[in-house]
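Trainee: please find the sequence and the predicted model below.
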Amino acid sequence: MRSLRVESRSIDRGGEDAFFVSSYNGGVLAIADGVSGWSEQNVDPALFSKELMANASYFVGDEEVNDDPQILLGKAHAATSSKGSATVIVSMLENNGTLKIANVGDCGLRVLRKGKILFSTSPQEHYFDCPYQLSSEVVGQTYLDAMVSTLELIEGDTIVMGSDGLFDNVFDHEIISTILRFSDVAEAAKALASLASDHSRESNFDSPYSLEARSRGYDVPWWKKILGTKLTGGKLDDITVIVGQVVRS
């Protein structure tokens, strides 16, 4: 039997991220990132993500869910009454080592094995900086739009899950080097969250976010380009990191 040894760290800017960790079966990890734009309509963006995660936690062992993270998202979303929207990712590890993932938007997950990235989720977005999201509104995505993945894990594999505040500010090679530095998942999660927070405030750091922005045509004005300037910097955001390691149970 396989299960997860897990630790999480969250650094709040606006407090819009929510998450839960469950020991159900081999382990369940989930993160929801509330969409900050709702604050312009005087709606607290944190309410939707927190209720969504509370509902997901409640339904995790539900018979209808049957260890399917996509169905879990559907039931949690249907039960959420708060106004707002959120990107969300859920992963469920079975005791036989099968990891099932359902992802809507740009929260992400990496699986590391022996110092290399074995698996990465891909962000879903309508256009740059506008990810898929579960919403209280009729217009929006549902659990059926989730990107679903299944893979087999072995003892020693490491799962790194995060809101976009992690992956917009930390490169995969930095995630690998950080995980390799720490044998303790708590220390690894803390170090990754701190690194993402530091990068998010570095105006000259050529972050994953700024690289992606430039590749999509977003950059400084032409006259700054002539002077050799380019768009750089991290992205200030809420940052949630969960690190889990597969162990025999």
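Mentor: On my side now, so go ahead.

Trainee: hey, where'd the strands end up in this protein?
Mentor: Counting by DSSP state E, the segments of the chain that form strands are 2-11, 17-22, 27-34, 85-93, 98-104, 108-113, 116-120, 125-127, 130-131, 134-135, 147-152, 158-162, 239-248.

Trainee: wait, which of those strands is closest to Arg214?
Mentor: strand 125-127 (15.3 Å; Cβ to Cβ). C-beta: built from backbone N, CA, C; applies to glycine.

Trainee: which residues touch the closest one?
Mentor: Here strand 125-127 makes contact (Cβ atoms under 8 Å, 6 or more residues apart in numbering) with Gly105, Asp106, Pro131, Tyr132.

Trainee: before we move on, the earlier item: can you tell me which of the strands of the chain the model trusts least?
Mentor: For the strands of the chain, mean pLDDT drops lowest on strand 2-11, to a mean of 84.

Trainee: so which bits of that one are buried?
Mentor: Residues of strand 2-11 classed as buried by neighbour count (16 or more other Cβ atoms under 10 Å): Arg2, Ser3, Leu4, Val6, Glu7, Ser8, Arg9, Ser10, Ile11.

Trainee: bridging across strands, which residues link to the first one?
Mentor: In this case it means Arg2. Arg248 (DSSP bridges).

Trainee: now do it against Val111, distance only.
Mentor: The gap separating Arg2 from Val111 is 13 Å, by Cβ to Cβ, to the nearest Å.

Trainee: please enumerate the shared neighbours of the two.
Mentor: Leu153.

Trainee: for the buried residues of strand 2-11, which one is nearest Thr178?
Mentor: Arg9 (12.0 Å).

Trainee: run through the residues that contact that closest one.
Mentor: Counting by Cβ under 8 Å, 6+ apart, Arg9 touches Ala189, Lys190, Leu192, Ala193, Thr240, Val241.
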